[in-house]
Structures are given as structure tokens and as C-alpha cells.
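Colleague: Sequence plus predicted model, see below.
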Amino acid sequence: MKFNEFEIIYLEELESSNNYAKKYIDDNFEQKNCNKVIHTNFQTKGRGAFENSWYSSRDLNLLFSVIICPKIKAKDQFFISKITSLAIIDYLKRKGVNAKIKWPNDILVDNKKISGILIENSIISDKISNSIVGIGINLNEVLFPDEINACSLKLIKNINFDINTELVLFLSSYSKFLNLCKYDNFYSIDDQYFSRLIGINEFLRYKKDNEIFEAKVIDIDEFGRLVLENLVGEKQVFGFKEVELIIN
Ligand code: BTN
């Protein structure tokens with residue numbers, strides 16, 4: 001099925017749509033795979049960030065991976081996370097839901113996770129040749145395991161959502177932000193990103209190893225690392241997984 005610049009490939013069940021997209025690219029290396037969307041309604045090994053798994057019951061939520069080919073340098077790869085986060089926020093706003101970004105790749109509503117992003121880039125010399133952007137958006141899930149602090153559109157709106165309709169709605173938001181992923185627009189993307197980032201210029205609690213400290217986000221550096229400033233004005237830079245925001 002085609003929608004705008006996207007071609008949607010639907011498979012009822014997959015191990016992981018990111019894994020399938022990777023194999024799809026390898027098997028079809030002679031063709032252009034940009035803007036292909038691998039959509040499934042169930043994953044047997046849904047993957048989250050940092051080797052975690054992604055929880056989603058069959059036929060309830062949005063699970064898909066978009067293969068994109070942004071014309072940006074490898075060093076700017078965190079922009080893919082920024083535009084993807086902003087597209088999810090934009091889509092949720094159109095559903096009447098106000099969401100925020102928890103660095104690096106989580107989208108939260110009232111401090112509960114509604115969506116997660118898993119980005120896997122292929123880099124040739126200093127450029128991104130393609131990027132697999134895996135996205136899970138909780139639509140109709142109402143019961144999550146205790147250890148997962150999550151919510152869904154149904155829990156917020158109390159109605160059921162049609163998965164295919166929501167995929168197309170999301171893709172229309174994504175189309176808009178993918179077109180913005182050009183160097184001319186980097187400042188405007190940053191402005192929008194920082195306005196939605198949890199902890200920007202606000203002191204919150206963070207945990208590194210076993211130490212808990214208060215700090216505010218003052219920047220995300222060019223490598224996508226979090227730049228925090230503590231209560232005595234000291235700056236520290238953290239890579240993925242090196243620090244964790246304590247929610248509540
Ligand atoms: C995270 O928040 O930990 C990232 C979650 C990403 C989940 C999506 S669901 C579709 C795609 N396929 C996967 O295996 N993972 C991503």
C-alpha cells in the first residue's frame with residue numbers, strides 16, 4: 001500500500017520489524033529502499049533500546065519500522081531522533097494529547113511512556129546510507145506489566161483506535177518532519193525539540209550508578225549527549241545509558 005512518499009509493507013507477525021527491515025535492505029541492496037515502512041501487528045521479539053524488549057499484545061498497538069535515507073552526515077545522526085520524536089509529538093497533538101520527550105528516545109504523557117523509538121543507522125564513510133527507525137506507539141493496550149511505567153491512547157481517551165488509520169496519520173506527521181531534516185532547518189528543529197524536552201532548564205533528579213543528584217538540562221551536544229548542569233553550576237556530559245532521569 002502507498003501513502004504519500006511511503007510504501008507500507010504489512011506482515012501479520014514478525015520477530016521484530018527492525019530486524020525484518022534490516023534483512024529487507026540486505027536482500028534488496030540493488031533497489032532503493034528509502035521510505036519503506038515495515039508494519040506488523042505482533043512481534044515475537046520486539047526490541048527496545050539498550051537490549052530491552054518492547055511489550056505489546058497482539059493486534060493492539062502500532063509497531064513499525066521506517067527505512068529513511070536522510071541527507072545528513074553521520075556526526076549529525078541524533079537529528080533523526082529529534083525529528084522522529086517531534087513527529088510522534090505532532091501526531092499525538094492531533095489526537096488532542098500533549099506529550100513530552102524524555103532524552104534520548106522516549107515519548108511520555110503525564111510521565112508515562114506512550115511511545116519508544118529504536119534507531120539503527122548504516123553509515124558509509126561519513127554519511128548515513130540508511131536509517132531504520134523502529135517506532136512503537138501504545139494505542140489500545142490497557143494492562144501493562146507492573147515494571148513498565150506506560151500508558152496508551154485508549155487509557156487517555158477511553159476509546160479504541162484503528163491501527164491502520166493511526167499509522168497513516170502518523171506518517172503524514174512524519175512526512176512533514178522528514179522534509180525538515182535538512183541542514184537549513186536544524187535551528188528550527190532544535191527550537192521545537194527543546195520546547196518539548198523534559199528537564200530543560202528545570203532542576204530534576206538524575207541517577208548515575210548509585211548516585212542521585214539534581215540537575216537541569218542545558219543542551220544536547222552534537223553527538224546527541226545530554227549536557228546537565230548541577231546545583232553548583234558544574235556541567236557534565238552524559239552518553240546514552242550513562243545517566244537516568246528519575247521520574248516521580
Ligand atoms: C524503546 O523505547 O526502548 C524503543 C522501543 C522501540 C519499539 C519498536 S516497536 C517496532 C520496532 N521493532 C522493534 O523490535 N522495536 C521497535
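Modeller: Cool, got the structure.
Colleague: Endpoint to endpoint, stretch 45-55 covers what distance?
Modeller: 9 Å (CA to CA, to the nearest Å).
Colleague: Stretch 195-203 too?
Modeller: Start-to-end, stretch 195-203 (CA to CA) is 15 Å.
Colleague: And for stretch 41-57?
Modeller: 9 Å.
Colleague: Then stretch 86-101?
Modeller: First-to-last distance for stretch 86-101 - CA to CA - comes to 8 Å.
Colleague: residues in contact with it?
Modeller: Counting by CB atoms under 8 Å, 6 or more residues apart in numbering, stretch 86-101 makes contact with 85, 107-109, 114-115, 117, 135, 137, 153, 156-157, 166, 169-170, 173-174, 176-178, 189, 192-193, 196-198, all of which sit outside it. Yep, even glycine has a C-beta here, placed from its N, CA and C like the rest.
Colleague: Next, the buried residues of that stretch.
Modeller: 86-92, 97, 99-101 (16 or more other CB atoms under 10 Å).
Colleague: In strands, which of those residues appear?
Modeller: 100-101 (DSSP state E).
Colleague: Strands of this protein, residue ranges please.
Modeller: 2-3, 6-11, 36-40, 62-68, 100-102, 106-109, 112-124, 127-137, 204-208, 211-220, 226-230, 235-238, 244-245.
Colleague: what's in contact with the longest one?
Modeller: So that's strand 112-124. 18, 22, 25, 47-49, 54, 74, 77, 80-81, 84-85, 88, 92, 97, 99, 102, 105-108, 128-138, 148-153, 156.
Colleague: closest to residue 162 out of the strands of the chain?
Modeller: Checking the strands of the chain against residue 162 by CB to CB gives strand 62-68 as the closest, at 10.5 Å.
Colleague: The ligand contacts on the chain?
Modeller: For the chain, the residues in contact with the ligand (CB under 6 Å from any ligand atom) are 16-18, 43, 46-49, 52, 54, 63-65, 105-106, 116-118, 134-136.
Colleague: Which of these are buried, as a ChimeraX select command?
Modeller: Only the buried entries of those go into this ChimeraX selection, using 16+ other CB under 10 Å:
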select :16,17,18,43,46,47,48,49,54,63,64,65,105,106,116,117,118,134,135,136
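Colleague: Roughly how far does residue 244 sit from residue 231?
Modeller: 18 Å (CB to CB, to the nearest Å).
Colleague: Looking at these two, which one has more neighbours?
Modeller: Using other CB atoms under 10 Å as the criterion, residue 244 and residue 231 rank with residue 244 on top: 14 against 10.
Colleague: residues contacting the more buried one?
Modeller: 206-208 are the contacts of residue 244 under CB under 8 Å, 6+ apart.
Colleague: Smallest distance to the ligand belongs to which residue of the protein?
Modeller: residue 116 (2.1 Å; CB to the nearest ligand atom).
Colleague: what's across from the residue lying closest to that residue once chain neighbours are set aside in the sheet?
Modeller: Excluding the flanking residues, the one nearest residue 116 by CB to CB, 6 or more residues apart in numbering is residue 136, at 5.2 Å. With DSSP bridges as the criterion, residue 136 is bridged to residue 63, residue 116.
Colleague: Residue 57 is in contact with residue 136, correct?
Modeller: No. With contacts counted by CB atoms under 8 Å, residue 136 stays clear of residue 57, the gap being 11.9 Å.
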